[in-house]
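Visitor: Let me see the structure of the following:
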Amino acid sequence: MNDSDSIFGIMASLGHVYYSVKVLIVLCDVLGISENSVRTNLHRMVKKGILDSKKDGKKAFYYFGSKGIKISRNVAQGFFTPDWKKWDNQWVGIIYSIPENQKTLRHKVRKKLELYRFASLYPGFWMRPCQEKLPVNLDDIVSREYCDTIIFKPERSFSVQKIQELWNIKEIHREMIEALSLINKEIKIITSATPEEAFKRKIIMGEKMVSTLFKDPLLPDQFLPKDWSAARLRKSFFEFDSLASKRSETLINKIIVEEGND
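Guide: Numbering: from 1, shown residues only. Prediction:
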């Protein structure tokens with residue numbers, strides 16, 4: 001977990017719109033992150049469009065920029081189980097053919113498709129199950145010059161084995177089981193943690209759980225193992241996060257009041 005991830009995690013998990021520099025510095029200090037690193041990473045995150053900033057007199061405040069909002073929305077998908085009860089074997093496919101001299105664009109398209117939980121069926125053809133509404137704004141993923149979007153139903157349904165291989169289900173399942181064991185241990189620990197320790201664990205475990213749940217391909221149940229643990233992991237994480245928030249509440253409120261966050 002790098003310092004920029006910690007800053008993003010703090011801002012996302014505490015639920016405020018704006019965060020003063022002072023508040024972020026003090027909160028990050030609890031995690032052992034230096035003031036210099038906080039200021040450096042804030043500058044970089046603004047430059048990348050993840051954060052934006054504004055001034056109120058002499059005070060500087062930071063909030064999620066356009067890219068940060070998209071990241072937050074994408075991450076949030078991993079915390080909710082899609083309703084596939086009315087799914088009719090419809091898939092969304094992305095077909096692309098990008099010239100060799102556009103390697104940077106090709107890499108960008110592939111990374112975005114992975115982030116939005118598409119899998120590569122063939123070179124230049126990626127897909128995922130499609131609900132009544134498309135899972136994402138595909139204009140944000142594809143280059144119109146080189147990519148096309150299709151909605152299709154296969155003549156023969158994909159086998160469970162094929163889908164599980166495409167999305168690497170066995171490995172993801174193993175990671176989720178390990179994460180579930182870890183978070184259940186943390187639930188026991190957090191009940192007696194100090195406010196400072198609770199805050200640390202909230203941010204650190206939040207990053208670990210986000211990383212694991214983000215790998216959930218959010219597929220229809222028929223393609224998943226019977227003991228698929230994603231729903232249980234979400235439930236345990238919500239329980240842990242609620243306990244950690246309560247245990248660290250006095251610390252957070254004190255810092256926000258004393259440092260003047262809005």
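
Visitor: from here on, contacts and neighbour counts on C-alpha atoms
Guide: Fine.

Visitor: Which parts of this protein are helices?
Guide: 3-14, 21-30, 35-47, 66-77, 103-115, 160-166, 169-190, 195-213, 230-259 (DSSP state H).

Visitor: now for the second one, which elements pack on it?
Guide: Spelled out, that is helix 21-30. If you count contacts as 3 or more CA pairs under 8 Å, 6 or more residues apart in numbering; DSSP states H and E, helix 21-30 packs onto helix 3-14, helix 35-47, strand 59-64, helix 230-259.

Visitor: closest to residue 97 out of the helices of the chain?
Guide: With CA to CA as the measure, helix 103-115 is the member of these nearest residue 97 (8.6 Å).

Visitor: For residue 58, find the nearest of the helices of the chain.
Guide: The nearest among those, by CA to CA, is helix 21-30 at 10.9 Å.

Visitor: contact partners of the closest one?
Guide: For helix 21-30, the surrounding residues in contact (CA atoms under 8 Å, 6 or more residues apart in numbering) are 6-7, 34-35, 38-39, 59-62, 196, 200, 252, 255-256, 259-261.

Visitor: Determine the angle, from 0 to 180 degrees, between it and helix 195-213.
Guide: Put simply, helix 21-30 runs at 90 degrees to helix 195-213, going by axes from the mean of the first three to the mean of the last three CA atoms, to 10 degrees.

Visitor: Domains in the chain, by residue range?
Guide: 3-70, 90-156, 168-248 (automatic domain parsing).

Visitor: would a markdown table of the ones you listed with distance to residue 77 be doable?
Guide: Shown next, in a markdown table, are those (distance: least, CA to CA, whole Å):
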| stretch | distance to residue 77 |
| --- | --- |
| domain 3-70 | 11 |
| domain 90-156 | 9 |
| domain 168-248 | 8 |
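
Visitor: By mean pLDDT, show me the worst of those.
Guide: In terms of average pLDDT, domain 90-156 trails the rest of those, at a mean of 84.

Visitor: Alpha carbons of stretch 95-103, as CSV, please.
Guide: Output in CSV follows, covering the C-alpha atoms of stretch 95-103 (Å, rounded to 0.1, in the frame of the first residue of the first chain):
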residue,chain,number,x,y,z
ILE,A,95,-13.8,-5.6,-30.7
TYR,A,96,-10.6,-3.6,-31.4
SER,A,97,-7.8,-3.5,-33.9
ILE,A,98,-5.1,-1.0,-33.0
PRO,A,99,-2.1,-0.5,-35.2
GLU,A,100,1.3,-1.6,-34.0
ASN,A,101,2.6,2.0,-33.8
GLN,A,102,-0.2,2.7,-31.2
LYS,A,103,1.1,0.4,-28.5
